[in-house]
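Undergrad: Build me a model:
(one chain, ligands or ions: 2)
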Amino acid sequence: MFAARQISQSVFGAVQRRTFSATASNATKVAVLGAAGGIGQPLSLLLKLNPRVTELALYDIKGAPGVAADISHINTKSTVKGYEPSGAGIKECLTGAEIVLIPAGVPRKPGMTRDDLFNTNASIVRDLAKAAADACPEANILVIANPVNSTVPITAEVFKSKGVYNPKRLFGVTTLDVVRASRFISQLKSTDPATENITVVGGHSGATIVPLLSQAGYTLEGAERDEYIKRVQFGGDEVVQAKGGAGSATLSMAMAGARFAESLLKAAQGQSGVVEPTYVDSPLYKDQGVTYFASQVELGPNGVEKIHPVGKVSEFEQGLLDVCLKDLKSNIEKGEKWVKENMGN
Ligand SMILES: NC(=O)C1=CN([C@@H]2O[C@H](COP(=O)(O)OP(=O)(O)OC[C@H]3O[C@@H](n4cnc5c(N)ncnc54)[C@H](O)[C@@H]3O)[C@@H](O)[C@H]2O)C=CC1
Ligand SMILES: O=C([O-])CC(=O)C(=O)O
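TA: Numbering: from 1, shown residues only. Ligands and ions are numbered 1, 2, ... in the order given. You can find the predicted model right below:
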């Protein structure tokens, strides 16, 4: 238990570290769909180290029992079980889950945009969302699979079609953008990255990722500003290039996913004031036809507790937001249109 506490403290961000408690008060089942993948494996590892998780259910079309057997030897209290499409399958994996993380889907190769993944990942997410809507309609669903701007609306439409949609329980995981924005500013300003917490709003691809440096009291100018914004917006591409065809960010994403899950668990277990930026069904720009938007969201026992407004932004940031909203609207509409035409059985 001591080791778990130390590792958890070192992997989660500043907000988590200030408030971290190692006491698991509730029985909490967490499911990972796509658990044998590049993100799924380290994410499952980090969840095994989280004392708030009491049962870990790992599903993949291949390899999950092996990952589960491996992780189950770690000396923390939670139980771990792997599931494949055959046998007990996804239904048993999901039944009773409080949190379902979905990193299942193909990653990018150099030269691709996240939207290029749509054709493959839309149907994967749709089918997993159907399984979750049937087996654990009240769970918190955390969508990691790209393109997040579209896969979240797809998930929502599936839940709506089954009459179990609760907008407070559906989250697009954009935590990695916050992690990057915080890390990259710390490199420019020589600060401790663990104490930075840059708000990032919008969505999760290129120009839809809008870091709000002004809200952290920072002003960058000229080329330095442009390079910073580009690095945050295209941080994913930096990793895709460096991996040279072997995939996209997995380890930093696992950390980001585990951080978001930890925030939800803390809020579910009664801690107040837990705030994370996340891409949710949001009223903020509905009047402009943008029905999902990432902003600071206070989490609570019912999922989304309060969606904070974007707040004061600089003129430059307003320009970024205008571009973001245009792209986001078309990403959302694409997902909704596709799933309505391809809902299947
Ligand atoms: N939201 C974010 O910030 C980020 C999202 N991503 C996205 O996460 C996704 C996964 O990335 P990686 O783990 O690197 O890919 P990966 O290819 O290493 O792993 C994906 C896993 O999903 C499994 N899978 C495929 N279809 C499935 C199905 N129907 N049911 C269950 N499992 C299924 C595969 O067998 C594989 O194990 C990609 O779409 C990627 O773009 C990646 C990084 C950051
Ligand atoms: O870039 C990608 O394709 C994976 C991703 O979403 C990220 O690293 O932010």
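Undergrad: Let me know the pLDDT of residue 2.
TA: As predicted, residue 2 sits at a pLDDT of 32.
Undergrad: can you list the residues of the stretch 201-345 of the chain near ligand 2?
TA: By C-beta under 6 Å from any ligand atom, the residues of the stretch 201-345 of the chain that approach ligand 2 are 236, 239-240, 248-249. Heads up, the C-betas are built off the backbone N, CA and C, glycines and all.
Undergrad: now do the stretch 1-150 of the chain
TA: 107-108, 114, 146.
Undergrad: could you redo the last one with a cut-off of 8 Å?
TA: Residues of the stretch 1-150 of the chain found near ligand 2 (C-beta under 8 Å from any ligand atom) are 107-108, 112, 114, 117, 146, 148.
Undergrad: Out of these, flag the one nearest to residue 139.
TA: Ranked by distance to residue 139 (C-beta to C-beta), these are led by residue 148 at 18.1 Å.
Undergrad: ok, back up a step: so which two of the residues of the stretch 201-345 of the chain next to ligand 2 are the farthest from each other?
TA: 240 and 249, at 7.9 Å, using C-beta to C-beta across those.
Undergrad: Quickly list what's touching both of these two.
TA: Taking C-beta atoms under 8 Å, 6 or more residues apart in numbering as the contact rule, residue 240 and residue 249 touch no residue in common.
Undergrad: What residue in the stretch 101-250 of the chain comes nearest to ligand 2?
TA: The nearest approach of the stretch 101-250 of the chain to ligand 2 comes at residue 236, 2.2 Å away (C-beta to the nearest ligand atom).
Undergrad: My guess is that residue contacts residue 248. True?
TA: Yes: under the criterion of C-beta atoms under 8 Å, residue 236 is in contact with residue 248, at a separation of 6.0 Å.
Undergrad: Quick check: neighbours shared by the two?
TA: The overlap between the contact sets of residue 236 and residue 248 (C-beta under 8 Å, 6+ apart) consists of residue 108.
Undergrad: ok, back up a step: show me which of the residues of the stretch 201-345 of the chain next to ligand 2 neighbour ligand 1.
TA: Checking those against ligand 1 (C-beta under 8 Å from any ligand atom), the matches are 236, 248-249.
Undergrad: Go through these and flag which are in helices.
TA: With helices defined by DSSP state H, the entries of those inside them are residue 236.
Undergrad: Dump the ones next to ligand 1 among the residues of the stretch 201-345 of the chain next to ligand 2 to CSV, plus neighbour count and distance to residue 141.
TA: Compiled in CSV, these are given as follows (neighbours: other C-beta atoms under 10 Å; distance: C-beta to C-beta, whole Å):
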residue, neighbour count, distance to residue 141
236, 24, 22
248, 25, 21
249, 24, 21
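Undergrad: Do a quick rundown of the strands in the stretch 51-200 of the chain.
TA: When assigned using DSSP state E, counting those that start in this stretch, the strands of the stretch 51-200 of the chain occupy the ranges 55-59, 79-83, 99-102, 140-143, 170-172, 200-202.
Undergrad: Which helix runs longest in this structure?
TA: As assigned by DSSP H, the longest helix anywhere in the chain is helix 315-341.
Undergrad: mind listing what's buried in that helix?
TA: Taking 16 or more other C-beta atoms under 10 Å as the basis for neighbour counts, the residues of helix 315-341 that come out buried are 316-317, 320-321, 324-325, 327-329, 331-332, 334-336, 338-339.
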